[in-house]
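Peer 1: sequence? don't have it. structure:
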């Protein structure tokens, strides 16, 4: 039986074994790490690059009013492409970290790279803790928006 999956029928259970429980309360021991995981252990984590200690300084403002020189609309394609490249580099860095630390088995889903250096993972708490310990990443939990009825 694969790790983290319950047997769909009772025929694959060994003789004398208890019937399979529901997935949410069926903890399994991971073969390599020995940690106990189950479907109830999946969390949604958000990873961003750790900010440098340099303070934010806004760009100087352009002149307004009669003294302003009318300009044509700026070409935003280079800025967009640079943002896509930065998002892809960060996504690659997170993926390389997960592979280097053998954490891919504890990740169920990873978001696609975008224009913001941000990655969302469906993973276990172990992955979140390792990412929090890494000096290059800032990691946290997303807010649960499910409202009880």
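Peer 2: That came in fine, so what should we check first? Everything quoted here is computed from the prediction, not taken from an experiment. Numbers count the residues shown, from 1 in each chain.

Peer 1: for the chain, longest strand please?
Peer 2: If each strand of the chain is counted by residues according to DSSP state E, the longest one is strand 43-49.

Peer 1: which SS state does residue 139 fall under?
Peer 2: Classification of residue 139 by DSSP: H, G, I helix; E, B strand; the rest coil places it in strand.

Peer 1: One more: the one 5 residues further on?
Peer 2: The local conformation at residue 144, judged by three-state DSSP, is coil.

Peer 1: what's the span of stretch 118-127 from first residue to last?
Peer 2: The first and final residues of stretch 118-127 sit 16 Å from each other (CA to CA, to the nearest Å).

Peer 1: who's in contact with that stretch?
Peer 2: By CB atoms under 8 Å, 6 or more residues apart in numbering, the surrounding residues in contact with stretch 118-127 are 33, 35, 37, 41-48, 87, 90-91, 94, 98, 103, 106-111, 113, 142. All C-beta atoms are positioned from the backbone trio N, CA, C, and that covers glycine.

Peer 1: Ok, stretch 45-65 next?
Peer 2: Residues from elsewhere that reach stretch 45-65 (CB under 8 Å, 6+ apart): 68-69, 90, 94, 117-123, 127-128, 131, 135-142.

Peer 1: residue ranges of the helices in this structure, please?
Peer 2: 77-100, 125-133 (DSSP state H).

Peer 1: highest average neighbour count across the ones you listed?
Peer 2: helix 125-133 (a mean of 17; mean count of other CB atoms under 10 Å).
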